[in-house]
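[1] I'd like to go over a predicted model; first the sequence, then the structure.
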Amino acid sequence: FVRHYNRTLNLPVGNTRVLQQELNRFMVGRTSFLPSTDRPYIPGSALKGALRTAYLNHAAKSCSLRETRDARKVETQLLSGGSFGTDPFRLLKVSDFSPVGGIETGIVYAVNEKKKPSPFPARGPYQILEVIPPGALFHGVISLESPVSKGQVSAPLDEETLFESVRSFFSNEKIREDKELRAINIPASPDACAKGKLVRIGRHSGAESLTIGAYRNIKIMKGKNESPRYEKSATTFWLASSHDKGIEKQKLKPFGWAELLELSSDEALRLNDSEVAWKNEFEALQNSSVTHLQQLGSSGAQQTLETTSKTPTEDTWIGAALSWDPGRQQLIASLGNKKAYAAGKELVPETIARNIFVKKKPVKATIVVNSSFKIIRIDPL
């Protein structure tokens, strides 16, 4: 990636077409991230979508549908007529999954590989993506509510069936993919541990992991001016590579696999301790002293090492809107197009805490923020 970056810096400026083409190809797709700490997080909508796909595949095993071409109608029939008001998944609440501790990200190339050996390479151009390497931990809450009235949801979800469908669907998809990878000499990714369940989230998770097997109809693009065809499985993989050229097949890795585990109370406490320790270290670094060299005088003047306390410039926002994001467990202050953040609830005065945390209403307040757009004090108006 660094070599690619240096090549891009040295592109000839005279050829506008080539310059624009190469700059467009050098775009890096970011992960979702927390503005306050720049750490990645997993949107709850991504995980909820994976759970929904698994459940729909389970439901399809015992249904014979009248309409199988329109994806929305297929879902409606599988969920017993679920419209927005009666869809059983409206009772499934999935929070954003927040990072635990310091999580680094990496830059990879997403490259296209054919599933069947061929003398001709796949034609998909590479993409550059920021990714979360294996080993990162995220925590969040999945809760299943009961319908308020009998007629509200005709076929409500039950926890055991939902998570068994997750285990079954994604385990089978992993077995299928591992077999296809081995056929073209690419190693498979690790399996889940004994008490974990595989899920697949994020970009390039594979068309099969995003669709209903019984009614799968994957669009396969053909050559220029040729009509696409539709198949039951994709014909290529998108895989992670450290190189855009000279790809080493044995080092390619599939995207999107994650492991979902239910935490015991002790495990939850350990994760919380890890997160608190990281936040303390992060805040200490933000407020630490900075050392820099200051050049004095003209030629021949000596260099002195000077240590100064880093005191961020403070700004007071009068009448800012203060709200609480329960998924990310952070406060958000907004004034015009400016935003500031703080982790936890400790800064909120008791006089406005109920409105923010219980009634979940934004409250006007006087907010003091530093130059890093971190909230450092909150005063009620």
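    Sure thing, it's come through. Numbering: from 1, shown residues only.
[2] What mean pLDDT does stretch 25-37 get?
    The average pLDDT for stretch 25-37 rounds to 88.
[3] what's that stretch in contact with?
    Residues outside stretch 25-37 that contact it (CB atoms under 8 Å, 6 or more residues apart in numbering) are 4-5, 8, 39-43, 98-99, 105, 107, 125-132, 203, 282, 328, 330, 339, 341-343, 373-374. The way it works is simple: take the backbone N, C-alpha and C, and place the C-beta from them, glycine included.
[4] Return the subset of these lying in strands.
    Residues from these lying in strands, with DSSP state E as the criterion: 98-99, 107, 127-131, 330, 339, 341-343.
[5] Mind picking the lowest-pLDDT entry from those?
    Ala343 (83).
[6] In the sheet, which residues pair with the nearest residue to it once chain neighbours are set aside? Tell me.
    Once its chain neighbours are removed from consideration, Ala343 has its nearest residue in Gln330; the separation is 5.2 Å (CB to CB, 6 or more residues apart in numbering). When assigned by DSSP bridges, Gln330 has beta-bridge partners Asp325, Ala343.
[7] Check the one 4 residues further on too.
    Each beta-bridge partner of Ser334 is listed here, defined by DSSP bridges: Ala321, Lys339.
[8] So what's the residue count around it?
    Ser334 is flanked by 15 other residues according to other CB atoms under 10 Å.
[9] just Leu11 next, same as before
    For Leu11, the neighbour count with other CB under 10 Å is 15.
[10] That one sits in which helix or strand?
    Counting by DSSP states H and E, Leu11 is held by no secondary-structure element, helix or strand.
[11] if we can go back for a sec, of the contacts of stretch 25-37, select the buried ones using a PyMOL command.
    The following PyMOL selection, which keeps only the buried ones among these, applies the criterion 16 or more other CB atoms under 10 Å:
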select buried, resi 4+39+40+41+42+43+98+99+105+126+127+128+129+131+132+282+328+330+341+342+343+373+374
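[12] Without its sequence neighbours, what residue ends up closest to Leu91?
    Distances taken as CB to CB, 6+ apart put Glu145 closest to Leu91, at 4.4 Å, once the chain neighbours are dropped.
[13] quick one: contacts for Pro117?
    Under the contact definition (CB under 8 Å, 6+ apart), the residues listed for Pro117 are Ala183, Ile184.
[14] Look up phi and psi at it.
    Per-residue torsions, Pro117: phi -50, psi 140 (degrees, to the nearest 10).
[15] Would you check that Val18 makes contact with Pro12?
    Yes: under the contact definition of CB atoms under 8 Å, Val18 touches Pro12, with a separation of 7.3 Å.
[16] the more surrounded of the two?
    Val18 (12 against 7).
[17] pLDDT at the more buried one, what is it?
    86.
[18] Quick check: next helix or strand after the stretch of helix or strand it belongs to?
    Val18 belongs to helix 16-25 when elements are defined using DSSP H and E. Using DSSP H and E, the next helix or strand after helix 16-25 towards the C-terminus is strand 28-29.
[19] partner strands of that next one, parallel or antiparallel?
    Here the strand partners of strand 28-29, with direction, are listed using DSSP bridges: strand 127-131 (parallel).
[20] residues in contact with stretch 182-198?
    With contacts defined as CB under 8 Å, 6+ apart, stretch 182-198 is touched by 113-117, 134, 163, 166-167, 170-171, 174, 177-178, 181, 237, 239, 249-250, 252-254, 257-262.
[21] what about 7 Å?
    Stretch 182-198 has contacts (CB atoms under 7 Å, 6 or more residues apart in numbering) with 113, 115, 117, 163, 166-167, 170-171, 174, 178, 181, 249-250, 252-254, 257, 259-261.
[22] re earlier: and the helix holding Val18, how far out from the chain middle?
    Counting by CA atoms, centre = their mean, to the nearest Å, helix 16-25 is centred 29 Å from the centre of its parent chain.
[23] Could you tell me how many residues sit around Ile218?
    The criterion is other CB under 10 Å. On that basis, Ile218 has 17 neighbouring residues.
[24] Provide the partner residues of it in its beta bridges.
    Assigned bridge partners for Ile218, using DSSP bridges, are Glu231.
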